[in-house]
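Q: One predicted model, sequence on top.
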Amino acid sequence: MHELSIAQALAQQVRQYVSSGVVIRQVRMQAGPMRCIAPQAMQWAWKAATVGTELEQVELQLDLLPWNLQCTDCGQTFTAEDLFTGCPCGCNTTFPVGGDELTLMSLEMDDSPEAGAREPALPSAR
Amino acid sequence: MQVPIVENVLKLNDEIAAINRKALKTSGVFTVNLIGSPGCGKTTLLEATFQRLNDQLTIGVIAGDLTTARDAERLAQWSDHVVQISTGKGCHLDANQVRQAMQNLNLDKLDVLVIENVGNLICPVGFDLGQDVKVAMFSATEGDDKAAKHPYLVQEASVILFNKIDLLEYVRFDLDLFRADVVKLNPHTPLIELSAMNHDQAGFEKWIAWLVQNVPHALQYGPA
């Protein structure tokens, strides 16, 4: 359910960039694994947070980062999908580095003269 | 046209949290954001803490719950400085709710403010409220995998409380596994094992000592 709060905060943030003559097509957000974001729940929450508003047609592109683990023995850093992945050196004493990212990375905007005039296009398939 | 932004999504919340933090520091209040599951013993811990410290420190509480004022009513027996936030549908407290609640507290009279967050191990962690520290609370009845399953809370906590140790003999709980998970995620954070219900034991006194030792730490910041 924290996805909804994050979606509301994201929508509030994106609204600051809304201006006449510019249509926002896509919002790109990056989230670290600490944030425990479920992609489907996040997409649903984004719809719920934007329905009936000027952001209703804006697509959410979610980039989920893997764990960044560091080995206490050999010091090497590697990425893993699972927090409890052992180090390739064979030891099992790794700890996570970072992981709490939650960042609005970019907006895809259309400022062509006809963009503001026509209905916002459906999100493009990516 | 792709326009790079690169901004923290919770920027607005963090800005209000900074205002809260400044006000709390100016008044010399040490502020704890207490995070744990429903039923892990947060309110019981606070009742016991009041009982133990009421003649030494003035402790205020902001109690967050979805509905009811039951926690605040329990705690109001111990302190005049208790404010309830009913979040309605929110699964965590945010900085703005705390800011409003703070207006109903006389901060200059407080040594410690405990913000008892909504019972939840995930959502509250990412929302800065303006606290000095986050305190994570787990309990024996929740199962030994809860630290591993909630890495963000474990990593963000300045102290981790493990409650209901008096029930360990009745439940299936691998304490060594739990301890190992905590150390992996946050090797430098003290883990205090206690029973808030039977608060005459050594573990509870460790919590009290940890809390008390932090109060002058907050004072030394002085006016922001």
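A: That came through fine.

Q: does residue A:109 have beta-bridge partners, and which?
A: On DSSP bridges, the residues paired with residue A:109 through beta bridges are residue A:24.

Q: Tell me, how many residues neighbour it?
A: If you count neighbours by other CB atoms under 10 Å in any protein chain shown, residue A:109 ends up with 18. The way it works is simple: take the backbone N, C-alpha and C, and place the C-beta from them, glycine included.

Q: contacting residues for it?
A: Counting by CB atoms under 8 Å, 6 or more residues apart in numbering or on different chains, residue A:109 touches A:17, A:22-25, B:1, B:3.

Q: Give me the mean pLDDT for the host helix or strand of residue A:106.
A: Following DSSP states H and E, one finds residue A:106 within strand A:102-110. Across strand A:102-110, the average pLDDT comes to 95.

Q: Verify the stated contact: residue B:190 with residue B:160.
A: Yes: under the criterion of CB atoms under 8 Å, residue B:190 makes contact with residue B:160 at 7.2 Å.

Q: and of the contacts of residue A:109, the nearest to residue B:14?
A: Nearest to residue B:14 out of the contacts of residue A:109 is residue A:17 (CB to CB; 18.6 Å).

Q: helix/strand/coil for the closest one?
A: Of the three states, residue A:17 takes coil according to DSSP: H, G, I helix; E, B strand; the rest coil.

Q: Looks like it contacts residue A:107 (just checking).
A: Yes: between residue A:17 and residue A:107 a contact is recorded at 5.8 Å, counting by CB under 8 Å.

Q: Among residue B:190 and residue B:160, which residue is more densely surrounded?
A: Neighbours were counted for residue B:190 and for residue B:160 using other CB under 10 Å; residue B:160 has more, 24 against 14.

Q: Return the residues in contact with the more buried one.
A: B:135-138, B:147, B:154, B:182, B:186, B:189-192.

Q: What pairs with the host helix or strand of it, parallel or antiparallel?
A: Applying DSSP H and E as the criterion places residue B:160 in strand B:159-163. Sheet pairing here is set by DSSP bridges, and for strand B:159-163 it gives strand B:133-139 (parallel), strand B:191-193 (parallel).

Q: after that strand, next one along is what?
A: Once the chain leaves strand B:159-163, the next helix or strand it forms, by DSSP H and E, is helix B:175-185.

Q: now that next one: mean pLDDT?
A: Mean pLDDT, helix B:175-185: 94.

Q: what does stretch B:145-159 give?
A: Stretch B:145-159 comes out at a mean pLDDT of 95.

Q: chain center to that stretch, what's the gap?
A: Its chain's C-alpha centre and that of stretch B:145-159 lie 13 Å apart, by CA atoms, centre = their mean, to the nearest Å.

Q: Now do the buried residues in that stretch.
A: Residues of stretch B:145-159 classed as buried under the neighbour-count rule (16 or more other CB atoms under 10 Å in any protein chain shown) are B:146-148, B:150-159.

Q: Compare residue A:17 and residue A:107 and say which is more crowded by neighbours.
A: More crowded of residue A:17 and residue A:107, by other CB under 10 Å: residue A:107, with 20 against 14.

Q: State the distance from that one to residue A:10.
A: Noted for residue A:107: a distance of 11 Å to residue A:10, by CB to CB, to the nearest Å.

Q: quick one: common contacting residues for those two?
A: By CB under 8 Å, 6+ apart, residue A:107 and residue A:10 have these common neighbours: residue A:27.

Q: Near chain A, which residues of chain B are found?
A: B:1-13, B:90-92, B:94, B:122-123, B:125-127, B:148, B:151-152, B:155-156, B:184-185, B:187 (CB under 8 Å from any CB of the partner chain).

Q: As a check, name the ranges of all strands in chain A.
A: For chain A, the strands defined by DSSP state E occupy A:23-31, A:59-64, A:67-71, A:77-80, A:94-96, A:102-110.

Q: between those, which gets nearest to residue B:205?
A: strand A:94-96 (30.1 Å).

Q: who touches that closest one?
A: A:33-34, A:67-72, A:83, A:85-87, B:151, B:155, B:184-185, B:187.

Q: do stretch B:42-58 as well
A: Identification of contacts with stretch B:42-58 by CB under 8 Å, 6+ apart yields B:34, B:36, B:59, B:61, B:63, B:71, B:74-75, B:78-79, B:81, B:109-112, B:114, B:116, B:119, B:137, B:161, B:163, B:196-197, B:199, B:204, B:207-208, B:211-212, B:215.

Q: coming back round to it: give me the angle between the strand holding residue B:160 and helix B:175-185.
A: Going by axes from the mean of the first three to the mean of the last three CA atoms, to 10 degrees, strand B:159-163 is angled at 160 degrees with respect to helix B:175-185.

Q: could I get strand B:159-163 in CSV with only the CA atoms?
A: Presented in CSV, the C-alpha positions along strand B:159-163 are these (Å, rounded to 0.1, in the frame of the first residue of the first chain):
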residue,chain,number,x,y,z
VAL,B,159,18.3,0.6,17.7
ILE,B,160,16.4,-2.6,17.2
LEU,B,161,14.1,-3.8,19.9
PHE,B,162,13.1,-7.5,20.1
ASN,B,163,10.1,-7.8,22.3
